[in-house]
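Student: Can you look at this prediction? I've put the sequence above it.
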Amino acid sequence: MVEIKTDTALEAMREAGRVVAQALAAVRTTASVGVRLRELDEAARTVLAGAGARSPFLGYRPSFAPTPFPAAICASVNDAVAHGIPTDYRLRDGDLVSIDCGAELDGWTGDAAISFTVGTPRPGDLELIAATQQALDAGIAAATVGHRLGDISHAIGTVARKADCGMPADFGGHGIGRRMHEDPHVANRGRPGRGLPLRHGLTLAIEPMLMAGGRDDHRTDPDGWTLRTIDGSRAAHIEHTIAVTEAGPRILTLP
């Protein structure tokens, strides 16, 4: 069931989203060559604890997962598309890093992701990150009253295909509010003019995941969580929680 949020709920979600933005900023500041992925998780946990928020990622176990997720962030490096588990891996010069983070505050949730490079970037990685950001921007711009869910999906997919990027099948964005994952599913490809009508108070996590190799197939690591490109190409993942409003799309996970 899709829950339409009141304006009061949107303000509460904005506060949760602000905590997410602060946690991601702390992770980005911490990330440098030689830093362990676990240290990035610790940086996010410190922000969440300081804000009185909890992580909706920690202990989360969807139907596909063999074990509960053990961290407050997903840390996906290079050919990892999403859901990477923070380990003792030390960041290396030129790594492409995607960090996904959520926060639950006073019963409401925010969810966002960023992608960035560490040290000296590869030009292709910068192009991939830029294309992923453009896809997110296009999806957000389509999230207006009177449009349909397929318009968001079509906008994202159009940018991705123009950039010759693949997108992992069956993975995309989602409704969000009292829980991290709510209805509806927000596909990263679709037909315009189809699907759920967009109404004031609908809240969505929009999250394009682009794979530079151009293929849509992917594989899952033995940990049961980490998604990787099938051909070893790089991937990027950028996300915001947004609200559809009469005044236009409102990003709830800004600083």
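Tutor: Structure's in. What do you need?
Student: measure residue 207 to residue 170 for me?
Tutor: For residue 207, the distance to residue 170 (CB to CB, to the nearest Å) stands at 13 Å. Every C-beta, even on glycine, is put in place using the N, C-alpha and C of the backbone.
Student: Counting neighbours, go ahead and name the busier of those two.
Tutor: Remark: of residue 207 and residue 170, residue 207 carries more neighbours, 26 against 11, as counted by other CB atoms under 10 Å.
Student: if I look at that one, how far off is residue 193?
Tutor: Counting by CB to CB, the gap from residue 207 to residue 193 is 22 Å.
Student: do residue 154 as well
Tutor: 8 Å.
Student: Look at those two and report which has more neighbours.
Tutor: Comparing residue 154 with residue 193 by other CB under 10 Å, the one with more neighbours is residue 154, at 24 against 10.
Student: how would you label the more buried one: helix, strand or coil?
Tutor: helix (DSSP: H, G, I helix; E, B strand; the rest coil).
Student: The one 4 residues further on too?
Tutor: Secondary structure for residue 158, judged by three-state DSSP, is helix.
Student: Not counting sequence-adjacent ones, nearest residue to it?
Tutor: Nearest residue to residue 158, sequence neighbours excluded (CB to CB, 6 or more residues apart in numbering): residue 138, at 7.0 Å.
Student: State the helix or strand in which that neighbour lies.
Tutor: If you go by DSSP states H and E, residue 138 is part of helix 123-141.
Student: max-length helix in the protein?
Tutor: helix 7-30 (DSSP state H).
Student: and that helix, what does it pack onto?
Tutor: Secondary-structure packing of helix 7-30 (3 or more CB pairs under 8 Å, 6 or more residues apart in numbering; DSSP states H and E): helix 37-50, strand 96-105, strand 108-117, strand 240-243.
Student: would you turn those into a markdown table with distance to residue 128 and mean pLDDT?
Tutor: Below are those laid out as a markdown table (distance: least, CB to CB, whole Å; pLDDT from 0 to 100):
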| stretch | distance to residue 128 | mean pLDDT |
| --- | --- | --- |
| helix 37-50 | 20 | 98 |
| strand 96-105 | 7 | 98 |
| strand 108-117 | 8 | 98 |
| strand 240-243 | 18 | 99 |
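Student: Among the ones you listed, which comes closest to residue 222?
Tutor: Proximity to residue 222 (CB to CB) singles out helix 37-50 among the helices and strands packed on helix 7-30, at 17.1 Å.
Student: Return the list of helices and strands in contact with that closest one.
Tutor: Counting by 3+ CB pairs under 8 Å, 6+ apart, helix 37-50 packs on helix 7-30, strand 73-77, strand 96-105.
Student: Pipe the ones you listed into TSV and attach mean neighbour count and distance to residue 132 per row.
Tutor: TSV is the format used below for the helices and strands packed on helix 37-50 (neighbours: other CB atoms under 10 Å; distance: least, CB to CB, whole Å):
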stretch	mean neighbour count	distance to residue 132
helix 7-30	20	15
strand 73-77	26	12
strand 96-105	27	9
